[in-house]
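K.L.:
When you get a sec, could you give me coordinates for this:
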Amino acid sequence: MYHTGGVYLDLKCRILKPLDSWVHSEMLQLSTMPHWEHKQLDRAFPSSVRPKSNRREITQVALVFPKQHPLMRKVIDRMVEVIYAGGNKDILHVTGPHMMTFVIAPELPYIPHILHDQGLYNDSILYDGTDGAFHRSQREAGRYYRQLLDEDELRLLRPPSPHEV
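P.N.:
The predicted structure follows:
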């Protein structure tokens, strides 16, 4: 994404309008997440570029970045920094929209951009083009892996049987 630029979409997203009708190769385009309002993210935005709507999360489910854009570099650097620091495990702050917002928003007054804050890229992209099937499958996978983890942790906690010694 950094080296070539382009469009990134989460697997569950669906494109509703032809990309060539709204994506321009040299323009950074960002979108706020249409479903959530996080006013606590106001502090990340200089007042001159704060979204007009109450939506404050710069989303990572769909990205439109020009080739070698300095903000994409900052996003990557921040992800790596947080991952290697090992402290914060909250996905919203490691690779998610809160991290994106706190890295990108303060830079917006200084960089040409389009910030879409009505729908996802002004309704050019549908957040969940699977009618919920993707999220249902992820919840099921999460239950399965938690169960495996619980069984593995239980195995490690119980005293070894005479056959295992």
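K.L.:
where in the protein is pLDDT low?
P.N.:
Confidence mapping of the chain against pLDDT under 70 gives the ranges 34-45, 50-56, 135, 141-142, 144-146, 148-165.
K.L.:
can you rerun that using 80?
P.N.:
Where the chain drops to pLDDT under 80, the residues are 25, 33-57, 87-90, 92, 117-119, 128-165.
K.L.:
Look at the most centrally placed residue in it and tell me its secondary structure.
P.N.:
Nearest to the mean C-alpha position of the chain, by C-alpha atoms, centre = their mean, lies residue 60 at 2.9 Å. Assigned state for residue 60: coil (three-state reduction, DSSP: H, G, I helix; E, B strand; the rest coil).
K.L.:
Provide a list of residues in contact with the closest residue to it other than its chain neighbours.
P.N.:
The shortest distance from residue 60 to any residue that is not its chain neighbour, by C-beta to C-beta, 6 or more residues apart in numbering, is 5.0 Å, and that residue is residue 100. To be clear about C-beta, it is placed using only N, CA and C from the backbone, and glycine gets the same treatment. When contacts are counted by C-beta atoms under 8 Å, 6 or more residues apart in numbering, residue 100 is found next to 57-60, 75.
K.L.:
how far away is residue 100 from residue 31?
P.N.:
10 Å (C-beta to C-beta, to the nearest Å).
K.L.:
any common contacting residues for those two?
P.N.:
If you check residue 100 and residue 31 against C-beta under 8 Å, 6+ apart, the residues they both contact are 58-59.
K.L.:
How is this protein partitioned into domains?
P.N.:
Each domain of the chain is listed here as a residue range: 6-129, 130-165, per automatic domain parsing.
K.L.:
which of those sits most buried?
P.N.:
Per-residue neighbour counts averaged over each of these give the maximum for domain 6-129, namely a mean of 16 (mean count of other C-beta atoms under 10 Å).
K.L.:
my read is residue 119 is in a strand, agree?
P.N.:
No: counting by three-state DSSP, one finds residue 119 to be coil, located in no strand.
K.L.:
ok, it to residue 2 distance?
P.N.:
With C-beta to C-beta as the criterion, residue 119 and residue 2 are 26 Å apart.
K.L.:
same check, this time on residue 108
P.N.:
Taken as C-beta to C-beta, the span from residue 108 to residue 2 is 19 Å.
K.L.:
what does residue 74 give?
P.N.:
Looking at residue 74 against residue 2, where the rule is C-beta to C-beta, the gap reads 10 Å.
K.L.:
Okay, and the beta partners of the residue lying closest to residue 69 once chain neighbours are set aside?
P.N.:
Taking C-beta to C-beta, 6+ apart as the measure, residue 69 lies nearest to residue 28, with 5.9 Å between them; neighbours along the chain are not counted. Beta-bridge partners of residue 28, counted by DSSP bridges, are residue 113.
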